[in-house]
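**Student:** sequence first, predicted coordinates after that:
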Amino acid sequence: MNIVDFQAGRYEQRYQYQAFLPEPICHEWLIADPELTDLLGRADRALGELNAFSQLIPDVDFFIRTYVAKEATQSSRIEGTQTNIEDAFKAADDLNPEARDDWSEVQNYIRAVNYAIATLESLPLSIRLLRQTHAQLMLGVRGEQKLPGEFRSSQNWIGVSLKNAVFVPPHHEHVPDLMGDLEKFLHADQFFVHPLVRIAIAHYQFETIHPFLDGNGRLGRLMISLYLAAEGLMHKPALYLSDYFERNKTAYVDHLMAVRQGNKLREWLVFFLFGIEETARASASVFRAIIELKQRIERDVLPRFSTRRQDKAHELIRQLYAQPVVDVKWATETLGTATNTAAALITDLVQAGVLLEITGQNRNRLFVFDEYLRLFRTT
C-alpha cells in the first residue's frame, strides 16, 4: 500500500457512542515521496552517528542509566507528573511527602525500562513482553487496580467522559486481534518496510488501539526504544523520544488525531522522523560533551588527590555517571571504605566544583554532579 492511499479505519456504533476501529497494518508500505525519503535518510544517518558513540564510550551503561532516568521523568511528565531528573535519583525519604506519588511512578518506569531491556535478551519484542513490561510499570502505583499486564476488558477513552471523549479507541473485543496484527507487523520480513517507518506506524497503531486501561502512553513510547534495540539499530538503548514528544505535546497529539480523522499518515511520519533525527543528534552531542567532561575531570581534578586516594577518587567519579545524586552513606557503601574517607572525598569534589551540595543542611546532605546532569536537562 502506498501511504497516500492509507485509510485509517472507521467508526463503529456502540451503545450511545462510537468507537474507532483502525485498519490492520501488517502489509507492505510503499513510499514514493522525495521529502520523506530524504528525511528518512537523515534520520538514519543521525541514528548511526549516535550508535557509533554508544559503542565507543567506556562504561556506556553508566550513562545509559541517566538517559533512562530522563526518559522516565519526561514520559511520566506527559501524563502529568512533576518529578524532575534530579529527583529521580533521590531516595523517597529525601523528597517532600506530596512529591512521592509522582516519584514512585517515575521509579516504576525506570524499573520497567530496565526490565524490558534485560528481557529482550531472551524474549523478542512481542505482546508477551509488552504485557510483562506493563505489569512492571503499574506495580504499586496509581492505576495498579486497572489490570496490570492484561489487555482491557472494557471500553476506555481519552477525555473527561465517554460521552464527551476526544477519542474513543476500539471496543475491547477487537484488542487481541489488533495487537496480534501489530506484533506480526513488527516482525514481518516477507515485505520490506524501513525500520523507522515500521516503528512510526506501529507506535501510531498502539496508541490508537490503547490496549490497556492505563499506562498506554508510557508503554507506547517505550516500545519505540525497545524496537530500535531489538532490531539492532541501536547498540545500546540510548534514544528516547519522550522529551521530543513532551516539548511538542500539542503537535504530537494533533498528528495522531489527524491520522485517525483525516488519514494524514504522511504528516505523522514527517513529525516522527524529524523527532528521530533531532533527538539522535542531540543525544550524540550529549555523548560528546560527556567525553569532554570526563577528560577534563581526569586531567584537572583527579591529579589533586594523593596517590593513596587516587583509586577511590577515580571509582567515585566513575560511579557518579550512573548515580549523579549522592550522600556520604551511599559513597561509603559503594566504595567499601570508611565513612570519614568517603566524606573527605566528597568534600574534595565539592571544592573542585564537581559536586554541588543541594540541601543547605548540616546533616543528611545531598550532593549532585550538577554539570553532568545539566547536559541531560538541556537536551
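**Tutor:** Arrived safely, thanks for sending.
**Student:** the nearest residue to residue 356 once chain neighbours are set aside and residue 60, how far apart?
**Tutor:** Distance criterion C-beta to C-beta, 6 or more residues apart in numbering; nearest residue to residue 356, sequence neighbours excluded, is residue 370 at 4.4 Å. (Glycine included, C-beta is placed from N, CA and C.) Distance of residue 370 to residue 60, given as C-beta to C-beta, to the nearest Å: 22 Å.
**Student:** now residue 254
**Tutor:** In terms of C-beta to C-beta, residue 254 sits 36 Å off from residue 60.
**Student:** tell me which of those two has more neighbours.
**Tutor:** More crowded of residue 254 and residue 60, by other C-beta atoms under 10 Å: residue 60, with 18 against 14.
**Student:** list the contacts for the more buried one?
**Tutor:** Residues in contact with residue 60, defined by C-beta atoms under 8 Å, 6 or more residues apart in numbering, are 54, 236, 238.
**Student:** per the record, what domains does the chain have?
**Tutor:** 3-286, 305-377 (automatic domain parsing).
**Student:** among those domains, which is the most enclosed?
**Tutor:** domain 3-286 (a mean of 18; mean count of other C-beta atoms under 10 Å).
**Student:** hang on, the earlier thing: just the contacts of residue 60: which are in strands?
**Tutor:** Cross-referencing the contacts of residue 60 against strands under DSSP state E gives no overlap.
**Student:** can you add distance to residue 147 and pLDDT and give those back as CSV?
**Tutor:** Converted to CSV, the contacts of residue 60 look like this (distance: C-beta to C-beta, whole Å; pLDDT from 0 to 100):
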residue, distance to residue 147, pLDDT
54, 36, 80
236, 32, 78
238, 32, 83
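**Student:** for this protein, which helix is longest?
**Tutor:** Using DSSP state H to define each element, the chain has its longest helix at helix 265-300.
**Student:** show me what the helix or strand just after that one is packed up against.
**Tutor:** Counting by DSSP states H and E, the element after helix 265-300 in chain order, helix or strand, is helix 307-320. Helices and strands touching helix 307-320, by 3 or more C-beta pairs under 8 Å, 6 or more residues apart in numbering; DSSP states H and E, are helix 328-335, helix 339-351.
**Student:** circling back: residue 317 versus the residue nearest to residue 356, what's the distance?
**Tutor:** Distance from residue 370 to residue 317, by C-beta to C-beta: 14 Å.
**Student:** can you show me the helices along the stretch 1-150 of the chain?
**Tutor:** Taking DSSP state H, counting those that start in this stretch to define them, one finds helices in the stretch 1-150 of the chain at 34-56, 60-78, 85-88, 100-119, 127-138.
**Student:** pLDDT averaged over stretch 159-169 - what is it?
**Tutor:** Computed over stretch 159-169, the mean pLDDT rounds to 92.
**Student:** roughly how far out does it sit from the chain middle?
**Tutor:** How far stretch 159-169 lies from its chain's middle: 27 Å, per C-alpha atoms, centre = their mean, to the nearest Å.
**Student:** the helix or strand of the chain with the lowest mean pLDDT vs helix 34-56, what angle?
**Tutor:** Least confident helix or strand, the chain: helix 60-78 with a mean of 85, by mean pLDDT, DSSP states H and E. If you take axes from the mean of the first three to the mean of the last three C-alpha atoms, to 10 degrees, helix 60-78 sits at 130 degrees to helix 34-56.
**Student:** just the CA trace of helix 60-78, in PDB.
**Tutor:** Coordinates of each C-alpha in helix 60-78 appear next as PDB, following Å, rounded to 0.1, in the frame of the first residue of the first chain:
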ATOM      1  CA  VAL A  60      28.400   3.500  28.400                       C
ATOM      2  CA  ASP A  61      25.900   1.500  30.600                       C
ATOM      3  CA  PHE A  62      26.600   4.100  33.300                       C
ATOM      4  CA  PHE A  63      25.500   6.900  31.100                       C
ATOM      5  CA  ILE A  64      22.500   4.900  29.800                       C
ATOM      6  CA  ARG A  65      21.100   4.900  33.300                       C
ATOM      7  CA  THR A  66      20.900   8.600  33.200                       C
ATOM      8  CA  TYR A  67      19.200   8.500  29.800                       C
ATOM      9  CA  VAL A  68      16.700   6.000  31.300                       C
ATOM     10  CA  ALA A  69      16.000   8.400  34.200                       C
ATOM     11  CA  LYS A  70      15.500  11.300  31.800                       C
ATOM     12  CA  GLU A  71      13.100   9.200  29.700                       C
ATOM     13  CA  ALA A  72      11.200   8.200  32.800                       C
ATOM     14  CA  THR A  73      10.700  11.700  34.000                       C
ATOM     15  CA  GLN A  74       9.800  13.100  30.600                       C
ATOM     16  CA  SER A  75       7.400  10.300  29.600                       C
ATOM     17  CA  SER A  76       5.700  10.500  33.000                       C
ATOM     18  CA  ARG A  77       5.500  14.300  32.700                       C
ATOM     19  CA  ILE A  78       3.400  13.900  29.600                       C
END
